[in-house]
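what's the 3D shape of this:
(2 chains)
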Amino acid sequence: MGRPVSYNVNPKKETTDISMADMPEGHQGEGFFATSLNKVVGLARRNSIWPLPFATSCCGIEFMATMGSHYDLARFGSERVGFSPRQCDLLMVMGTIAKKMGPVVKQVYLQMAEPRWVIAVGACASSGGIFDTYSVLQGIDQVVPVDVYVPGCPPRPEAIIDGVMRIQDLIGKESLRRRNGDRYKSLLESYGIQ
Amino acid sequence: MVKLLTIAIKQPSNLIMLNNDRIKQRLLEKFGEQLSAFSEPYSMLTFEAPKEMNLKVLNFLYDDEELKFRFLTDLQAVHYPDVKGRELAVVYHLHNLVDNVRIRFKVFTDIHTPDIYTATGLFSGANWMERETYDFFGVNFVGHPNLKRILNVDEMDYFPMRKEYPLEDQTRIDKDDEMFGRG
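Next up is the predicted model:
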């Protein structure tokens, strides 16, 4: 006879180590807290990234594991994976991008609203990887600017999470004026983006 | 029951089984000395014809009541850079679905005049395969309704599967040859 299944036989202690986002630097007193707008906006943005997965091969499978319950990217505020570029902040390119796919990646990037970030996951998206051949784009930075590269073939979910955390650092520290600056504009112009 | 079985076994013996020898015999009856290089690698009949005759041979294989090769399994090219004057081979894989027999049919062409008559009139499935063969080997299928690149980027200005081109991406500048043991 089968053993009856019983759940939660070992009472679980209440978690007390829930990590909260750090408070930005500032001045506080009774009933007020003053800090710079930069830091508040950065705090909000970095903990609510909406990723847009652009998964073309095995790195995409690792990303699925990253989104799953075991690794759980949702812990980093990226609960909501969007499949419309117009709603998303972070383009995650995972996998080999063929030259014919290059214009598609660029179009997806153009459809995203500013501010937007790009992470190249895996050797193929970063550099073409083992596919040094006539049909494969040798790194997506030939068509769109990339903020973080994640090495690995494919990278483990931990590496992808590390990449997302580095993106979070970048987002948290970004100046509100960066996207209007000349340097950023010339970067986009070098990719032919207005 | 025993009677039924004997009848069932006896019946096919009235017909001549379609085997490689029979196909070769039918082809030689029709085309004679124009077909050449008959061989049977892995027991699959293989032969070649002059490239101007490819449609005649395909039509005969298709229409003949006994041969009935009415399914084009595959069509592709091979580049033999060392065989001057017949560098490009176009290979047709045909299947007789009734008798379940397959054959392989080749035509060779000079790489400077890679003109081959299209098989799209006979097999609609050849449309895609001929575009692919054009894309990778630059075989010009005369009469193809829409002969343009299908898998590679439209801007590509060469035929990458020809052996005169290196496989590696030539636009790449950040690779140091010394790191790959070929400095």
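
got phi/psi on B:His93?
Reported as degrees, to the nearest 10, the phi and psi values for B:His93 are phi -110, psi 120.

B:Val101 is in contact with that one, correct?
No - B:His93 is beyond contact range of B:Val101, at 11.8 Å (criterion: CB atoms under 8 Å). Any C-beta I mention is one placed from the backbone N, CA and C, and that applies to glycine too.

let me see the ranges of the strands in chain A.
For chain A, strands defined by DSSP state E occupy the ranges A:27-29, A:32-34, A:51-55, A:90-94, A:117-121, A:148-150.

out of these, nearest to chain B?
Nearest to chain B among the strands of chain A is strand A:148-150 (13.2 Å), distances taken as CB to the nearest CB.

does any part of that closest one sit near chain B?
No - legend: contact between strand A:148-150 and chain B by CB under 8 Å from any CB of the partner chain is lacking; minimum distance shown is 13.2 Å.

give the buried residues for that strand.
For strand A:148-150, the buried set under the neighbour-count rule, 16 or more other CB atoms under 10 Å in any protein chain shown, comprises A:148-150.

low-scoring stretches of the chain, by residue?
No chain specified, so I'll use chain A. By pLDDT under 70, the low-scoring segments of chain A are A:1.

ah, I was thinking of chain B
Within chain B, the stretches with pLDDT under 70 are B:1-16, B:170-177, B:179-180, B:182-183.

for it, which segments count as helices?
For chain B, the helices defined by DSSP state H occupy B:2-10, B:20-31, B:54-63, B:126-137.

contact partners of the second one?
Residues external to helix B:20-31 that are found in contact with it (CB atoms under 8 Å, 6 or more residues apart in numbering or on different chains): B:16, B:35, B:38, B:40, B:43, B:45, B:47, B:49, B:53, B:56-57, B:60-61, B:64, B:66-67, B:101, B:103.

for that helix, the distance to its chain's centre please.
Here the centre of helix B:20-31 is set off from its chain's centre by 18 Å, with CA atoms, centre = their mean, to the nearest Å.

now do it against helix B:54-63, angle only.
Counting by axes from the mean of the first three to the mean of the last three CA atoms, to 10 degrees, helix B:20-31 lies at 130 degrees to helix B:54-63.

how about stretch A:122-130 and chain B, any contact?
Yes - residues of stretch A:122-130 are located near chain B by CB under 8 Å from any CB, namely A:127-128.

do stretch A:104-120 as well
No - shown here: stretch A:104-120 not in contact with chain B (CB under 8 Å from any CB), separated by at least 11.7 Å.

that stretch: which residues count as buried?
Buried residues in stretch A:104-120, counted by 16+ other CB under 10 Å: A:105-106, A:108-109, A:112, A:116-120.

how long is that stretch end to end?
One end of stretch A:104-120 to the other measures 15 Å (CA to CA, to the nearest Å).

got a list of what A:Arg86 touches?
Contacts of A:Arg86 by CB under 8 Å, 6+ apart are A:111-113.

now the strands for chain B?
Under DSSP E, chain B gives strands at B:36-39, B:45-49, B:71-79, B:88-96, B:101-109, B:115-117, B:140-142.

quick one: closest of the ones you listed to chain A.
strand B:71-79 (14.7 Å).

adjacent strands (with direction) for the closest one?
strand B:88-96 (antiparallel) (DSSP bridges).

next one: the closest residue to A:Ser175 other than its chain neighbours relative to A:Arg179, how far apart?
Nearest non-adjacent residue to A:Ser175, counting by CB to CB, 6 or more residues apart in numbering or on different chains: A:Asn38, 6.3 Å away. As judged by CB to CB, to the nearest Å, A:Asn38 and A:Arg179 stand 13 Å apart.

for A:Cys58, which residues are in contact?
A:95, A:122, A:154 are the contacts of A:Cys58 under CB under 8 Å, 6+ apart.

mind checking which of those land in helices?
Short answer: the contacts of A:Cys58 in helices (DSSP H) are A:Gly122.

could I get the contacts of A:Cys58 in JSON lines, plus columns for neighbour count?
Below are those laid out as JSON lines (neighbours: other CB atoms under 10 Å in any protein chain shown):
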{"residue": "A:Gly95", "neighbour count": "23"}
{"residue": "A:Gly122", "neighbour count": "29"}
{"residue": "A:Pro154", "neighbour count": "23"}
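
of the contacts of A:Cys58, just say which sits nearest to B:Val78.
Lowest distance from B:Val78 to the contacts of A:Cys58 (CB to CB) belongs to A:Gly95, with 30.7 Å.

pretty sure the closest one contacts A:Ala120?
No - A:Gly95 is beyond contact range of A:Ala120, at 10.1 Å (criterion: CB under 8 Å).

now for the nearest residue to B:Ala126 once chain neighbours are set aside, how many residues are close by?
Nearest non-adjacent residue to B:Ala126, counting by CB to CB, 6+ apart: B:Ala119, 4.2 Å away. B:Ala119: 25 surrounding residues under other CB atoms under 10 Å in any protein chain shown.
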